[in-house]
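> Okay, sequence plus prediction incoming.
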Number of protein chains: 4
Amino acid sequence: MIRFDCDYLEGAHPKILKRLVETNYIQQAGYSKDDYTKSAIEKIKKSLNNDNVDIHILAGGTQTNMIAISSALRSYQGVICADTGHINVHETGAIESLGNKIITIENEFGKINANQIEKIVKEHYQEDAPEHMVMPKLVFITLPTECGTNYTKCEIEEIYNVCKKYDMYLYIDGARLGYGLCAKDTDIVFEDLPNICDFFYIGGTKCGAMFGEALVIVNDKLKKDFRYYIKQKGALLAKGRLLGIQFDTLFTNDLYFCICRQAVELSLKLKNAFIEKGYKLAYNSFTNQQFIIMSKERYNKLSDKFVFFKWKNIDDESLIVRICTSWATTQENVDELICNL
Amino acid sequence: MIRFDCDYLEGAHPKILKRLVETNYIQQAGYSKDDYTKSAIEKIKKSLNNDNVDIHILAGGTQTNMIAISSALRSYQGVICADTGHINVHETGAIESLGNKIITIENEFGKINANQIEKIVKEHYQEDAPEHMVMPKLVFITLPTECGTNYTKCEIEEIYNVCKKYDMYLYIDGARLGYGLCAKDTDIVFEDLPNICDFFYIGGTKCGAMFGEALVIVNDKLKKDFRYYIKQKGALLAKGRLLGIQFDTLFTNDLYFCICRQAVELSLKLKNAFIEKGYKLAYNSFTNQQFIIMSKERYNKLSDKFVFFKWKNIDDESLIVRICTSWATTQENVDELICNL
Amino acid sequence: MIRFDCDYLEGAHPKILKRLVETNYIQQAGYSKDDYTKSAIEKIKKSLNNDNVDIHILAGGTQTNMIAISSALRSYQGVICADTGHINVHETGAIESLGNKIITIENEFGKINANQIEKIVKEHYQEDAPEHMVMPKLVFITLPTECGTNYTKCEIEEIYNVCKKYDMYLYIDGARLGYGLCAKDTDIVFEDLPNICDFFYIGGTKCGAMFGEALVIVNDKLKKDFRYYIKQKGALLAKGRLLGIQFDTLFTNDLYFCICRQAVELSLKLKNAFIEKGYKLAYNSFTNQQFIIMSKERYNKLSDKFVFFKWKNIDDESLIVRICTSWATTQENVDELICNL
Amino acid sequence: MIRFDCDYLEGAHPKILKRLVETNYIQQAGYSKDDYTKSAIEKIKKSLNNDNVDIHILAGGTQTNMIAISSALRSYQGVICADTGHINVHETGAIESLGNKIITIENEFGKINANQIEKIVKEHYQEDAPEHMVMPKLVFITLPTECGTNYTKCEIEEIYNVCKKYDMYLYIDGARLGYGLCAKDTDIVFEDLPNICDFFYIGGTKCGAMFGEALVIVNDKLKKDFRYYIKQKGALLAKGRLLGIQFDTLFTNDLYFCICRQAVELSLKLKNAFIEKGYKLAYNSFTNQQFIIMSKERYNKLSDKFVFFKWKNIDDESLIVRICTSWATTQENVDELICNL
C-alpha cells in the first residue's frame, strides 16, 4: 500500500536524524537552554529578518495552540475563528478546557474575513451590558487553511487592522506554514509574518521534523513569563536539545523551504493529473494537500493500492478525499498514483 | 415611567417578605441545613409527586447552570444547545471557563429538536479517531425558551430518547419554568418534569422570589457529592435559610403557579391588544414575555412613558421589543399601556 | 436551646428588613445598576474617605475570595497564606479549582508575618529556573483572623511593603472586618484600609446583613473588566438591589460599626466571665469570637442548654469550643450562659 | 567540563537512535496507532506479566503527571503527597492549574507513610460538613523519591491499603523507576507494580530514551476515554511512532534495566568513594543519584572540572550537591571524579 493520507507518515528528514546521531554524546543543559536551541532561534530570527521576537520550540500543534492562546487571554475573553478552525473542531476542546470560549464564524473554503470579524465583535460590545457576553480578544487563522487555501497579504492585513482597532490579538496557526508560503496563491513571504500578526508558529511536525513547532511571539505584551506557561502545561522537554537540533537543521541552508517546495511541486503534479482525468476539486489548493471529489466506486478501486483520507461524504455516490505530499513523498509513488487514475 | 423591560424589576412577592420578617429571630443551622429549606424541599417533592429526587436551592440562574452542567461533565465532554441558548450567549462563557465546550445547533424560535441533536452527535463519533473531537454528553434546553416559546411533552421526550440512546444527560433550564407551564402551547405539567429529563431547575428570581433557583436532580449518577460543587463554586450561602424560606413560601398554597398564571394572563391581554392594533409578533409566545415588531418611530413615542427591552434591530425603520409581565405587574399599568398603543 | 455556635444563626438586622419592605414595589434596573447599590457605594467611599476605589457587592465570602483572587492572577501565579487560612482549609479548593496554587506558611494564632513571606518568595525565585515553580503573586490575610486575633497597622504595613517589593498584591479577607476594627488589639481604623492593601472586602453576612460582602478594589490594575468576572462566576444577581439595600442600610448612621461594637462588648463580657471562672483561653481574642478550653465533662453539661462550636479536640479529656456573638445576641442570653459556667 | 548535574545531559541510548534511522522511511499510522507502539505495549505487558493494563506513552513527566492525575479526579477532589513531591514543588502548579488541590504531608527523606495519610484523610472527613474541605481522592508517591530513597514493597502495600479503605487511588511517579528497581534498598520487582497501585509510569527520559514516559493504568475505572485526555492536553503526538520505537527498544532484551543497573553501579562506586574520603551523605541513596554534603570551598575547587547540581544550602560554609549517573556516564569520568575528591 502506498499512503497519501497525511503528511506525517514517516519519521524525519534524514539530515535531522544525522544531526541527532552526531550530537548524541555531547552534554548539554536541559529545558531548552542548550546550544542547539540557541542556534536554531538565531537562525529563525535571521530568516525572519527580525531580532525583536521571542521564540519557543514546543512539541506539537495542539500543545502550541493551547499554550499560546490561553497565555494571551483572561477567562472572560474569547477567541474568534472559522467554524472549521482546527481549535474548534479537532483539538478535543483544548481551548475551552483551559477556560476560554471559541466564537465561530462561517468559513469560506477555510477562510474568514475582516468584515465578518468586525461584525461579530460589534455584536459582543452591547452598550449597556457587555459583561454578559464573552469579550472577543484574539483572532485565530490558519495559514494555509485546513482546506489547503491561502490568505493574501492584504487579506491578513485587513484582519490585523480590525484586531488592532478593537485591541485584539491576531494569531496564525502555521502547522503547514512552509507549504503555504511555497504556494502560488499567496504573496506573503516568511519575513512578512512578524509584521502582520502578534504571534504565529512555524510547523515542524508536518514539514520535515520528527516533531516540533516554533512559536514566534512578536507582541511584547505576550512575551512575559512565557516559559512558566510552557512548563506548567507539560511542554518543557527535559531534553529540549531535540527540538533545537531539529529546527537548527531545518533552518540551515534553507532546508525547511526546500522540503516544502518539493512537496508542493509533487502535490501540483497530482492536482493537474486529477484535473486532466476529469476529476473535480473540492477546493482549489496550491499547497501540499489536494481535496478531490471522487465516486465511491473509484475510491474503493484505488484503495486496493493507495490510502487516502476520507475528508467528507458528499452523498451515497461520492466523497471528498484528501491527498497529501511531504518531504518523504517520492516521484515514483506520485507517478504510480497518476498511472492508476 | 412604567417599566415592562424585564421580570426582575421589583423585590419579591409580599408573602415572602412577610415570612422573612416573621422568622428573622429564630436561630437556625447554616449552609442550607435549616428547617425552612427542609420544608421547602419536602413541598417541592410533593408537588412533583416524586420523592426520589435531590433538591438544592441556589442563588441565581448562571450559577445554577454552571454548577449543574460542570458537575455532570469531564473536561473532554461538551454540551449541545441552541445557538441562542442562554449559556452560549449571555453567561460570559461561564461553562467554558470551567472547562467544557458548547456545541451549538441552529435554533428555530429558540428551540432545537431530536433530529438535529442526533445528527451532530453522530458527526462527533468518527469511527477511527473520536478523541480528536469533544464528546457530546449533555443536551441543554430551556423551558420556556428565551423567545417565550415552549416545547411539547412529545418533543422533549424525543430529545430525551436521543440522550438516552447516546448516554447523554438532558438538562432543562427553567429560569421562567412557572410561566412556561402556565402557557397554552405546552401539555407538560409540573410533575412530568422528573420523567422527561435528568435534571432541571425551578426558577425563583423571575417568578416571585427575591432570588433563588431550585435545582432538581433526578438521575442518581448526578446526585453524588453535589454539595461539594455548591460550596466550591461559592454558592453555599451561610444563611441558606433565606433560600429555604422563599421556596417554602412559593410552594405553599400553590403560590408559585398563582403568580405565574396571573402574569401570563396579563401578558396575553397585552399580546391580544398588540395584535388588535395591527402589530406583528416576532415569536408567538404564550408566556410572560411578548416580542413585538415595532417601528422605531412608535417605539420612541412609547418610550416617553414606558420602558421596553430592545431585543433586536430589524433594520433602520423597525425593531423587536420585549415586554415582560411578572407578579408585580398591575392591571392598571397593563391598561395604561394598551391605551397608548 | 440557646445557640452561640456561629454568627449567622438569625436573619438580618431589623433595619435591613424594614428597608426591604419599604422599597419592595419600586422598579429598579437589574444587575447592580440600581439606585440603592449606587447609594451604598457612595456611603462606603465616604466612610473610607476615599473616592478612588471600585466597589462591588457580592453574595458570600467564598464567592468573593474566589472571584477577587482569580481575577488578579494568571495560571502560573500563586497565593501565599497561613496554613489556617480560610481559602486553604474551608473553601473546598475553590482557588485551585479556578487554577491557582496556594502556598502555605505556618500560622501563629492565625497570623503570618512579613519575614515569613519574604523568605518563601525568595525560595520561589531560583536564579536559573524560576519557571519550574509557581510565581508568588498575592498575599492573603484575614482581619480579624479565624482565631479572633488581629493584625496591627504596622504588621500589615510591613507585609504590604514586602508585597510591593516583589510586585505582589495584598488582599484582606474581611468576613468579620467590623468586629476586628472594634477590637482593642488593633490600631487600624476603617479609612486606613485602602492605604494598606490592594483590595479587601467588608463582610456583611456575619455582621448584620442577610447576605452580602462589599469588595473594595484600590489598585487600579485590579479594577479593569471586573464585572465580567462577577457575571462569569455566577455572582451577578439579577436583583442586585438586594445587596445595595443592605449595605446602604449598614452604612447609614454608622449601623455597621454599631452592630459590631455591641457584639464585641458582649463577647468580652463572656470572655471575662470565663476567665473569672478559671477557664483558659486558646487564643486571646478581643473580637466577637471566643475560643475557650473546656473539659468534655463541662462541655457536655453545658450542651443541655447551649450550643457551642467544637473547634478542636485537645485530648480525650478536653477540647476548644468557639463561642460567637452577633447583632442578634441578647444581654439575657449572655447572662444566662454566665450563670451556668 | 565533566557534567554530573543531572541524568538528561545527552541524547539517547545508541540502540534507540539506530532504530529511528532504520525505521525512518516506513509509513505508519499517526497518533500512536503505529506498529512500534503496539509492539512496545505488548513487550511492557509481558515484562509486567500482566495483560490487563492499559498503556499510553507520553512525552514527559510533568505532562504525564498532570494528565494522569487530572483524569482521575473531579474538581472537588485533592491529591495527597509529600511536601517535597515533584508535583507540589517543581511543576509550576500544573495540577492546580487543571483544578485540583494538593494536600501536603511532611516528608521523611522524600517519603510519606500510611499512618500520615490516614490521619490527614480523617481530618478531611468532618462529620457534619465534609463539603467545606477538599475530598482526598488520590495519593501520589515517587519511586524512587526525589532524594534517591526507595519504598519497600510492604510500605507501599500499607499505603495502598489505606487508599482502598477510603476509596482513593494510588499513583506512582516513576520518572526514575528503573534506577529505583535496580537499587538494593527495595524488594519491589517490576511485575509487582500492577499489584501495589492503581496506575504508575515508567520513566524513559531519564533512563535512556530521548524522551517519553509509559503510563500504565491498572484500575479499570481509570481507563475509560483516556485518549481524550491525552489529545486535549496536547500530548497526542502526530508521530507517536517516535515514542513507540523508543519503548520498544528499551523493552527488547531487557535494555531498560541494563541501562539502569549500570548507572546504579557507577553511582554506588561514587558513593563509596565519597564515603571513603570522609564526605557525609545527606540521604542514603542506592539509586543513580547521590546527595553529598560538601564544604563550599571543596565545591568551588571541584567546579573547575566538574558540574554538580546545587541541591540545597546548609549554611555559609557547606551545601548539599546532587550527583547523577545515567546510561551515558563513563567509567573514565567516574574515575576522574574519584581521583579529584
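Sure thing, it's come through.

> Is stretch A:191-201 in proximity to chain D?
No: if you take C-beta under 8 Å from any C-beta of the partner chain as the test, stretch A:191-201 misses chain D, and the best it gets is 12.5 Å. For the C-beta atoms, the positions are set from N, CA and C on the backbone; glycine is no exception.

> CA atoms only for that stretch, dumped as CSV, please.
Output of stretch A:191-201 as CSV, limited to C-alpha atoms (Å, rounded to 0.1, in the frame of the first residue of the first chain):
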residue,chain,number,x,y,z
GLU,A,191,9.8,37.7,6.7
ASP,A,192,6.3,39.4,6.4
LEU,A,193,4.9,37.3,9.2
PRO,A,194,6.1,39.4,12.2
ASN,A,195,4.6,42.4,10.6
ILE,A,196,1.1,41.0,10.0
CYS,A,197,0.3,39.3,13.3
ASP,A,198,1.0,39.2,17.0
PHE,A,199,2.3,35.7,17.2
PHE,A,200,2.4,32.6,14.9
TYR,A,201,4.0,29.2,14.8
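
> now A:Lys38, nearest residue through space, not along the chain?
Counting by C-beta to C-beta, 6 or more residues apart in numbering or on different chains, A:Gly244 is the residue found nearest to A:Lys38 once chain neighbours are left out, at 7.3 Å.

> could you say what helices and strands the strand or helix carrying the one you found packs with?
Per DSSP states H and E, A:Gly244 falls inside helix A:241-250. Applying 3 or more C-beta pairs under 8 Å, 6 or more residues apart in numbering or on different chains; DSSP states H and E, one finds that helix A:241-250 contacts helix A:14-22, helix A:35-48, strand A:54-58, helix A:255-276.

> next structured bit after the helix or strand hosting A:Cys154?
Assigned by DSSP H and E, A:Cys154 belongs to helix A:153-165. As assigned by DSSP H and E, the chain's next helix or strand after helix A:153-165 is strand A:169-173.

> by how many degrees do that following strand and helix A:153-165 diverge?
140 degrees (axes from the mean of the first three to the mean of the last three C-alpha atoms, to 10 degrees).

> contact partners of the helix or strand immediately after strand A:169-173 in the chain?
Next along the chain after strand A:169-173, taking DSSP H and E as the criterion, comes helix A:177-181. Contacts with helix A:177-181, where a contact means C-beta atoms under 8 Å, 6 or more residues apart in numbering or on different chains, come from A:143-144, A:150, A:174, A:186, A:188-190, A:200-203, A:206-208, A:256-257, A:259-260, A:263-264, A:267, A:287-289.

> Deepest-packed of the helices and strands packed on helix A:241-250, please.
strand A:54-58 (a mean of 24; mean count of other C-beta atoms under 10 Å in any protein chain shown).

> Note down every partner strand of that one and its orientation.
Within its sheet, strand A:54-58 is paired with strand A:213-217 (antiparallel), according to DSSP bridges.

> how about the CA coordinates for stretch A:49-67, as PDB?
Presented in PDB, the C-alpha positions along stretch A:49-67 are these (Å, rounded to 0.1, in the frame of the first residue of the first chain):
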ATOM      1  CA  ASN A  49      15.000  39.400   9.400                       C
ATOM      2  CA  ASN A  50      13.700  40.300  12.900                       C
ATOM      3  CA  ASP A  51      15.700  40.300  16.100                       C
ATOM      4  CA  ASN A  52      12.900  41.500  18.300                       C
ATOM      5  CA  VAL A  53      10.900  38.400  18.600                       C
ATOM      6  CA  ASP A  54      10.800  35.600  21.300                       C
ATOM      7  CA  ILE A  55      10.900  32.100  20.000                       C
ATOM      8  CA  HIS A  56      10.000  28.900  21.900                       C
ATOM      9  CA  ILE A  57      10.100  25.500  20.400                       C
ATOM     10  CA  LEU A  58       7.300  23.100  21.500                       C
ATOM     11  CA  ALA A  59       6.400  19.600  20.700                       C
ATOM     12  CA  GLY A  60       3.100  19.600  18.800                       C
ATOM     13  CA  GLY A  61       0.400  21.800  17.200                       C
ATOM     14  CA  THR A  62      -2.500  21.300  19.700                       C
ATOM     15  CA  GLN A  63       0.000  21.900  22.500                       C
ATOM     16  CA  THR A  64       1.300  25.100  20.900                       C
ATOM     17  CA  ASN A  65      -2.200  26.400  20.100                       C
ATOM     18  CA  MET A  66      -3.400  25.800  23.600                       C
ATOM     19  CA  ILE A  67      -0.400  27.400  25.400                       C
END
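
> rewinding a little: could you provide the helices and strands packed on helix A:241-250 in JSON lines, with additional columns for mean pLDDT?
Below are these laid out as JSON lines (pLDDT from 0 to 100):
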{"stretch": "helix A:14-22", "mean pLDDT": "98"}
{"stretch": "helix A:35-48", "mean pLDDT": "98"}
{"stretch": "strand A:54-58", "mean pLDDT": "98"}
{"stretch": "helix A:255-276", "mean pLDDT": "98"}
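
> Now distance to C:Glu213 too, for the ones you listed, in TSV please.
Shown next, in TSV, are the helices and strands packed on helix A:241-250 (distance: least, C-beta to C-beta, whole Å):
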stretch	distance to C:Glu213
helix A:14-22	58
helix A:35-48	49
strand A:54-58	41
helix A:255-276	56
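
> how about the residues of the stretch 51-200 of chain A near chain C?
For the stretch 51-200 of chain A, the residues in contact with chain C (C-beta under 8 Å from any C-beta) are A:Ser70, A:Ser71, A:Arg74, A:Ser75, A:Tyr76, A:Leu98, A:Gly99, A:Ala129, A:Pro130, A:Glu131, A:His132, A:Met135.

> out of these, what pair is the most spread apart?
Spatial extent of these (C-beta to C-beta) is set by the pair A:Ser71 and A:Ala129 at 28.2 Å.

> Which one of the two is surrounded by more residues?
Of the pair A:Ser71 and A:Ala129, A:Ser71 is the one with more neighbours under other C-beta atoms under 10 Å in any protein chain shown, namely 24 against 14.

> what helix or strand is that one on?
Counting by DSSP H and E, the element that carries A:Ser71 is helix A:61-72.

> got it, and A:Ile323?
Assigned by DSSP H and E, A:Ile323 falls in strand A:318-324.

> So which elements touch the helix holding A:Cys154?
Counting contacts by 3+ C-beta pairs under 8 Å, 6+ apart, helix A:153-165 is packed against helix A:114-124, strand A:135-142, strand A:169-173, helix A:193-196.

> Send over it as CSV, restricted to the C-alpha atoms.
This file holds the C-alpha atoms of helix A:153-165, laid out as CSV (Å, rounded to 0.1, in the frame of the first residue of the first chain):
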residue,chain,number,x,y,z
LYS,A,153,-1.0,39.6,2.5
CYS,A,154,-3.8,42.2,2.0
GLU,A,155,-6.4,39.9,3.5
ILE,A,156,-4.4,39.3,6.6
GLU,A,157,-3.5,42.9,6.9
GLU,A,158,-7.2,43.8,6.9
ILE,A,159,-7.9,41.3,9.6
TYR,A,160,-4.9,42.6,11.6
ASN,A,161,-6.2,46.1,11.3
VAL,A,162,-9.6,45.1,12.8
CYS,A,163,-7.7,43.3,15.6
LYS,A,164,-5.7,46.4,16.4
LYS,A,165,-8.9,48.6,16.2
